[in-house]
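J.: could you look at this predicted model? Sequence included:
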Amino acid sequence: MTHLDVAALAARLPAGPRTRYAPSPTGYLHLGHVANAVMVWGLARLLGGRVLLRLETHDQVRCRPEYVAAALEDLAWLGFEPDEGPVDQHDATPYADALAALRRLGLVYACTCSRRDWATGSTGAPRYTGCCRDAGLAEATGRTLRLRVMPQAEAFTDARGAVVQQDAAAGGDVILRDRDGLWSYHLAVTADDIRQQIDLVIRGADLIEATGVQVQLARNLGRPVPPAYVHHALVTGSDGRKLSKSNRDTGVRDMRAGGASAAEVIGRAAYAAGLSGNADAIAARAVARLFETRAAAPHAVARILS
Ligand code: GLU
């Protein structure tokens, strides 16, 4: 059984650890976002840490101002108050600086491949085959910029303890800036976690595959010791599939319009995430309590981390 051992996690962190809540405003918040907020605020409060609210707006095509406004309003309604922020990713300077640093290390190359040039990797996920890696193409408008990912093991700790990802390059060379000039998720999140001095990253298990690459990228950007991670199970819908932003019955706004109180929405999210044995209402300011009672609900702990 996998335990979320809060004491062991605390031992790996500095006093007053900094964590972040980092939704992508490409849609409205749903129960999965609320469950992540319960973990971020719950663990931060229990560990005496701070929460930075970071709106991940690096994809300025898919992010919309109305989703940013809605996320801020929904979080305020739910009662999740950040200690810092909100900040966003509109200022290109930190990403351009990070790109320049990687370029100096010879780790950036231009690429003209399209998705058609991708192969299916060992994990079954699409994998960029690296056809432009050694082509020596000049950087130019309309060309993607990629990172040379070293095919080596990367180690980090998450709530289970030490994790070693055998091949950080399993997904191929990741994008740093796309052909439209938009900064990639990997570059933006890694550069921000460094400059914002994030000690603890709490996010869904769907992102664990990205962690080895980000650990390697962070090292190349001057952060030798990665943050600690908690990768938690995703909240799934009644069909067992990952929630999407169009899923109406689990949207925060839809539940609110249906008459649910903030504490009821948080209670539903905590239950759906396996953090609580029941869906009883719980206020945002009280969510740390869910982590103090871990020992009383070991089945719930296993679900969080499965
Ligand atoms: N913005 C990402 C998301 O909403 C999370 C990024 C991260 O935690 O690394 O999925």
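T.: Thanks, I have it. Residues are numbered from 1 along each chain as shown.
J.: now do the helices in the chain.
T.: 6-11, 31-46, 65-78, 93-104, 185-195, 208-220, 252-257, 262-272, 289-292, 298-305 (DSSP state H).
J.: residues in contact with V201?
T.: V201 is in contact with 19-20, 193, 227-230, counting by C-beta atoms under 8 Å, 6 or more residues apart in numbering. For every residue, glycine as well, the C-beta is placed using N, CA and C.
J.: which of those residues has the most neighbours?
T.: R20 (27 neighbours; other C-beta atoms under 10 Å).
J.: tell me the spacing between that residue and the ligand.
T.: Between R20 and the ligand the distance is 8 Å, computed by C-beta to the nearest ligand atom, to the nearest Å.
J.: I'd guessed that residue sits against Q197; true?
T.: No: with contact defined as C-beta atoms under 8 Å, R20 does not reach Q197; the gap is 10.1 Å.
J.: which one is whichever residue of the stretch 51-200 of the chain sits closest to the ligand nearest to, not counting chain neighbours?
T.: The nearest approach of the stretch 51-200 of the chain to the ligand comes at E56, 3.8 Å away (C-beta to the nearest ligand atom). Closest residue to E56 apart from its sequence neighbours, by C-beta to C-beta, 6 or more residues apart in numbering: S24 at 4.4 Å.
J.: who are the contact partners of the one you found?
T.: 55-57, 59, 62-63 are the contacts of S24 under C-beta under 8 Å, 6+ apart.
J.: again, but for T250
T.: 30-32, 235, 237, 243.
J.: list just the nearest of these to the ligand.
T.: For those, the nearest to the ligand is G32 (9.2 Å; C-beta to the nearest ligand atom).
J.: burial of the closest one, as a residue count?
T.: 24.
J.: same check, this time on D59
T.: Neighbours around D59, by other C-beta under 10 Å: 18.
J.: make sure it is actually in contact with T26.
T.: Yes: contact criterion C-beta under 8 Å: D59 and T26 qualify, at 6.9 Å.
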